[in-house]
Structures are given as structure tokens and as C-alpha cells.
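J.: A predicted structure for the sequence below; I have some questions about it.
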Amino acid sequence: MMRVVTAVGLVLAVATAGMAQHTLTSPYRGQLGSEIRGLSAEEIADLREGRGMGLARAAELNGYPGPTHVLEAVEAGQLSLNPEQLSAIRQLFERMSREARRLGDILLREEQALEAAFRAGTIDEAALRARVARIAGFHGELRVVHLRTHLETRALLSEQQIRRYNQLRGYAAGEAGHAPHRH
């Protein structure tokens, strides 16, 4: 009986040690080689390219289509726009993309400066708060750029086009598009 208890105890000790080592391994260890350790390669690319990164979900999931996906649907032959709508949405997309890339570049420089201060061991509480506040401000501006463009895109579309867009995006009828109707 004592041997069984000892054997079970030994197995549990080995298993617990293995689990402890596994839970201590950081999911961020792959970012050690990143140019900005606080961001993944995908996040860096998204900021450089001006991609949405989910920043406009509040709009998208409530019946405010995004210009990128509207243009994709048009190109795929799944959504029809008149020439004026198409031109206006392309212009919205270009403006949004330029502004998002500009802000993305600023955010990347700010994140790089934050990471460099940590790397150099020169950051203190005051500098930390100042840098994070700047990053948060630019991040908020970036989100406004994306959300505002969804708002402007919706204003260019008919209710029927918005319903079709929501169908194409896989949003259940009645769950998206609760925005007030335009008259």
C-alpha cells in the first residue's frame, strides 16, 4: 500500500512539475524577434496597411457597412451600386486608408518608443503614463477614422443594399441594421 501511495505521489509530482513549466511559458515568446516586441507581426502589418483590425465592429454589426467589404462585394458581382455610389465609396475607402496608414505609422513609432524605453530600462511611472496616454489617443483617432467611414458608407447606400450587404456578410436578418431609416 505504501508503494502505491509513493508511486502515485511521484507521478503527481512529475505531472505537476510538467504542468507548471507549461503554464509559465509565455505565449509572447515568439515576439522576441519582432521589430516592436509589444506587437505581433500581424498587428504591425495591419497598422502599416491601414486595415480595420476589428476597430469598427460596433458599426459593422449594427448595419453600417464598411467600404472595404462593400467594394469586395461589388467586385465579386454580389452587390450592385450605381456609378455615383461606387465612385463615392471608393473615395471614402481611399481617404480612410490614407488616414489609417498615417495614424498607423504614428502608432508604430509610439509603440517602438515605449518598447525602447522598457528595453533600455529608462522608463518610470510618469513617462509610462505619458507614453500610454499618447498611444491611447492615437488609437482612439484610428478607431474614429474606421467608424466614421462606416457611418459615411451607410449614408450612400439604400436600405435594400444594406440588407443585401448584411446577408452577404452572414449577419442574421433582424440582428443587423437597427439604425434609424433615412427619409
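T.: Arrived safely.

J.: quick check: mean pLDDT of the longest helix along the chain?
T.: Taking DSSP state H as the criterion, the chain has its longest helix at helix 83-120. Averaged across helix 83-120, pLDDT comes to 97.

J.: stretch 139-146 now?
T.: Mean predicted confidence for stretch 139-146 is 98.

J.: list the buried residues of that stretch.
T.: Under the neighbour-count criterion of 16 or more other Cβ atoms under 10 Å, stretch 139-146 has His139, Leu142, Arg143, Val145, His146 buried. C-beta: built from backbone N, CA, C; applies to glycine.

J.: ok, Tyr165 - contacts?
T.: Contacts for Tyr165 were tallied using Cβ atoms under 8 Å, 6 or more residues apart in numbering; they are Pro65, His69, Val70, Ala73, Leu79, Leu157.

J.: can you check the pLDDT for it?
T.: 97.

J.: quick check on it: phi, psi?
T.: Main-chain torsions, Tyr165, degrees, to the nearest 10: phi -60, psi -50.

J.: roughly how far apart are it and Leu86?
T.: Distance, Tyr165 to Leu86, by Cβ to Cβ, to the nearest Å: 14 Å.

J.: check Gln31 too.
T.: Taking Cβ to Cβ, one finds Gln31 at 40 Å from Leu86.

J.: quick check: closest non-adjacent residue to Ala117.
T.: Excluding its sequence neighbours, the residue lying closest to Ala117 (Cβ to Cβ, 6 or more residues apart in numbering) is Ile123, at 3.9 Å.

J.: and the one you found, helix, strand or coil?
T.: coil (DSSP: H, G, I helix; E, B strand; the rest coil).
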